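[1] 3D model of this:
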Amino acid sequence: MIRTGAFIVAGLALAVPSMAWGQTAAPQSDDKRYTFNRVDEGYLRLDGRTGQVSICAQRPAGWACQAVPDERAALETEIARLQAEAVKKELIARNLPLPGTVKPDAPAANPDEPRLQLPNDADLNKVMNFVEKVWRRLLDMIATVHKDVLKKQS
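    Residues are numbered from 1 along each chain as shown. Predicted coordinates:
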């Protein structure tokens, strides 16, 4: 009984693919590919396969359809560019290597733009000496005022 069931299953397994090979998919009809909607300038045509929208209008040479610019595609392209730029900045900020095809941005060479120049040790020493002198003078002034207040109280 088990052998009979196995033969039936094997026979069906061989028969189903051979039946499927004989069948071909019916060609897709173009009757419903386009959808038209009336507008002032003519007709809007929506391509059901690609999603492309066109405006069709009567011209001197006959009817002509012109593709309508797709703002969504432009927005998606800009979003992808901004995301790639953000990822690149994040990798640079974390000192991680960039993928082989991505190059770091070259610094802009604008002569009008001020350049940040960090001070050297000599400049830092000058600043520290100045701050030290101001601090000592402030302490001397406080000590002088303190003595004057003590003289007035006595």
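
[2] Where does pLDDT dip in this protein?
    In the predicted model of the chain, residues 1-30, 101-110 satisfy pLDDT under 70.

[3] Centre of the chain to the lengthiest helix in it, how far?
    Determined from DSSP state H, the single longest helix within the chain is helix 121-153. From the chain centre to the centre of helix 121-153 is a distance of 55 Å (C-alpha atoms, centre = their mean, to the nearest Å).

[4] Direction included, what does the helix or strand where A64 lies pair against?
    Element membership of A64, judged by DSSP states H and E, is strand 62-67. Here strand 62-67 has these sheet partners by DSSP bridges: strand 53-59 (antiparallel).

[5] What lies in contact with the partner strand?
    With contacts defined as C-beta atoms under 8 Å, 6 or more residues apart in numbering, strand 53-59 is touched by 36, 39, 41-47, 63-68, 70. All C-beta atoms are positioned from the backbone trio N, CA, C, and that covers glycine.

[6] For Q83, give its distance to N129.
    50 Å (C-beta to C-beta, to the nearest Å).

[7] Domain-wise, how is this protein divided?
    What automatic domain parsing lists as the domains of the chain is 31-67, 70-98.

[8] Span of the longest one from start to end?
    Between the opening and closing residues of domain 31-67 lies a distance of 20 Å (C-alpha to C-alpha, to the nearest Å).

[9] and that domain, which residues are buried?
    Across domain 31-67, burial judged by 16 or more other C-beta atoms under 10 Å covers Y34, G42, Y43, L44, R45, V53, S54, C56, C65.

[10] Could you report the distance from the residue nearest the centre of the chain to L118?
    The residue lying closest to the centre of the chain (C-alpha atoms, centre = their mean) is Q83, at 2.0 Å. Distance of Q83 to L118, given as C-beta to C-beta: 33 Å.

[11] before we move on, what about R81?
    For R81, the distance to L118 equals 33 Å [C-beta to C-beta].

[12] and what of R136?
    28 Å.

[13] what's P114 sitting at in phi/psi?
    When read as degrees, to the nearest 10, the backbone of P114 gives phi -70, psi 140.
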